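> take a look and give me a structure for this.
(2 chains)
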Amino acid sequence: MIPFEFEYIKPNTLEEAVTLYERLDSEGKEPVYISGGTEIITLGRLNVLYTGAVIDLKSIPECHVMTRENDRLVLGGCCPLTEVENANPFPLLTSASKEVADHTARTKITLGGNICANIFYREAVLPFLLAESTVTIMGPDGKKTLPINDLFDQTLQLNKGEFLVHITTDISSTKAPFFHMKRRKQWTTGYPLITVSGMKKDGDIRIAISGLCPFPFRSERIESCINDRFNSVEERVSSALQQLPGPILNDTEGSDQFRIFTLKNILSDLVKTLEGVDH
Amino acid sequence: MSIFQYVVLKINGEDRPVMIRSADTLLEVLRNELGLTGSKPGCLNGDCGACTVIVDGKPMKSCLMLGVEGTGKEITTIEGLQGTAIQQAFVEYFAFQCGYCTPGYIMNCQSLIENEPKATDEKISEWLKSNICRCTGYEEIETAIKSVLRESNSKDRPISRESEMD
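Below you'll find the predicted structure:
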């Protein structure tokens, strides 16, 4: 049971959502936007998350798009992960999505909800960081579009009252060769230990990682080491491991040293896989 | 706007008017307000699948959905399934032990049968990983779902709730 009360409102337009947010905020309701809305329940019932008003974005058409415009793919923040998987317009995203939670949960969890989640894995963001997608956000200052790599620093850096509308990706990136690997401590259903996505674009390997630190990231320094083809794969992976951000997670899913050991093996597999393909 | 809402939920083909907290999950509404106790509370965290229902044809963990989100949707609970092939198969193949996870499994299986009548082993595994059986009756559950899909495909028609009622 969620141990606090909140109002529930479902606006039909982007503008209505923002107006509602500003009014509820001025009333001290500490409003939150939801799309899938699973975290308001899972964290709310633990009193980790509190709100006096929930604004459900699911009825806003712009948040539900799944379309191709010229050479770009546009995916709405309110698209459930299973819908994206079934349509499969971006195979790396499908691979990443299929590893999030479980199938039934993914009929509820959305793209935007996962990317903006409080839980630190947020694996749906990895393909977009590699594809250098752009995100369109709505807020009190209107709608704006920015490169995801400028806006995503550990979390999607949204100002008060802003929410994710949709994500746009070049079709060429959705077709690029990719690698995706998720390791768990327990079978195929446990919580993630570490997840690594890779993409080969313009001859170079791009890498994004979740589960290593308490946030997902893409690192140019790691990519620089991995793409230094004058050295052996082992040497490149070894130097990449010297460039890891911190802190490295050390929890019940795995120690920090085990995570680094696992990452080392995954990076070796990634390089061998992606260097064997042309693009 | 209020912390309480009067909603009409369409459950098992019937309109069910009910006053609920906006903060109530669908599971709480089903069990505590509407007396539909077939959906079981397990982890309450979206992990175990014991509370699975079908919403607009898709499996849904009712502990992960607010009751107010159910407005305008077709909701089916275990009470809405009667004499379906998957229920018969669970009995025939002893696909339960204590029975607590059974309603959730049956709802997920029913949705799989309706959405993926030609499901591969990989697809079956992907869908059924959403549920946990603490008695570990997984093999019998797998046998039951595969028997229904096999039967469905041999007749070259999906065994849906509608066809069961023909």
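> near chain B, which residues of the stretch 51-200 of chain A show up?
A:53-54, A:56, A:58, A:82, A:98, A:101-105, A:107-108, A:188-189 (Cβ under 8 Å from any Cβ of the partner chain). Quick note: C-beta positions are derived from backbone N, CA and C, even for glycine.
> filter those down to the ones in helices?
Assignment to helices by DSSP state H places the following of those there: A:82, A:103, A:104, A:105.
> how much space is there between the spatially most central residue of chain B and residue B:99?
Computing the C-alpha centroid of chain B and ranking residues by Cα atoms, centre = their mean puts residue B:107 first, at 2.4 Å. Note on residue B:107: its distance to residue B:99, by Cβ to Cβ, to the nearest Å, is 14 Å.
> ditto for residue B:46
Using Cβ to Cβ, one gets 21 Å for the distance from residue B:46 to residue B:99.
> more neighbours, these two?
residue B:46 (24 against 11; other Cβ atoms under 10 Å in any protein chain shown).
> checking my notes, that one in a strand, right?
No - going by DSSP: H, G, I helix; E, B strand; the rest coil, the assignment for residue B:46 is coil, not a strand.
> ok, so what distance separates it from chain A?
As judged by Cβ to the nearest Cβ, to the nearest Å, residue B:46 and chain A stand 5 Å apart.
> three-state assignment of residue A:196?
Under three-state DSSP, residue A:196 falls in the strand class.
> would you confirm that it contacts residue A:209?
Yes - using Cβ atoms under 8 Å, residue A:196 is in contact with residue A:209, at 5.3 Å.
> these two: who's more crowded?
A side-by-side neighbour count of residue A:196 and residue A:209, using other Cβ under 10 Å, places residue A:209 first with 26 against 22.
> tell me the contacts of that one?
A:126, A:194, A:195, A:196, A:197, A:216, A:217, A:218, A:219, A:222, A:263 (Cβ atoms under 8 Å, 6 or more residues apart in numbering or on different chains).
> could you do residue A:81 as well?
When contacts are counted by Cβ under 8 Å, 6+ apart, residue A:81 is found next to A:97, A:100, A:106, A:107, A:109, A:110, A:111, A:114, A:124.
> looking at the residues you listed, which two lie furthest apart in space?
Greatest spacing in these, by Cβ to Cβ: A:107 and A:124 (14.7 Å).
> any regions of chain B where pLDDT drops low?
For chain B, the stretches flagged by pLDDT under 70 are B:1, B:156-166.
> the helices in it, which residues?
According to DSSP H, the helices that chain B contains are B:26-28, B:85-92, B:102-115, B:121-128, B:138-154, B:161-164.
> between the fourth one and helix B:138-154, how big is the angle?
Which is helix B:121-128. 120 degrees (axes from the mean of the first three to the mean of the last three Cα atoms, to 10 degrees).
> same question, the third one
If you take the same axes, to 10 degrees, helix B:102-115 sits at 30 degrees to helix B:138-154.
> by contact count, what packs against helix B:102-115?
Other elements packing on helix B:102-115 under the criterion 3 or more Cβ pairs under 8 Å, 6 or more residues apart in numbering or on different chains; DSSP states H and E are strand B:52-55, strand B:58-61, helix B:85-92, helix B:121-128, helix B:138-154.
> please enumerate the helices of the stretch 151-279 of chain A.
Along the stretch 151-279 of chain A, counting by DSSP state H, counting those that start in this stretch, helices occupy A:171-174, A:220-226, A:233-241, A:256-274.
> dump the ones you listed to a markdown table, plus mean pLDDT.
Shown next, in a markdown table, are the helices of the stretch 151-279 of chain A (pLDDT from 0 to 100):
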| stretch | mean pLDDT |
| --- | --- |
| helix A:171-174 | 98 |
| helix A:220-226 | 97 |
| helix A:233-241 | 96 |
| helix A:256-274 | 96 |
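> with mean neighbour count added, can I get those in CSV?
Converted to CSV, these look like this (neighbours: other Cβ atoms under 10 Å in any protein chain shown):
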stretch, mean neighbour count
helix A:171-174, 18
helix A:220-226, 19
helix A:233-241, 17
helix A:256-274, 18
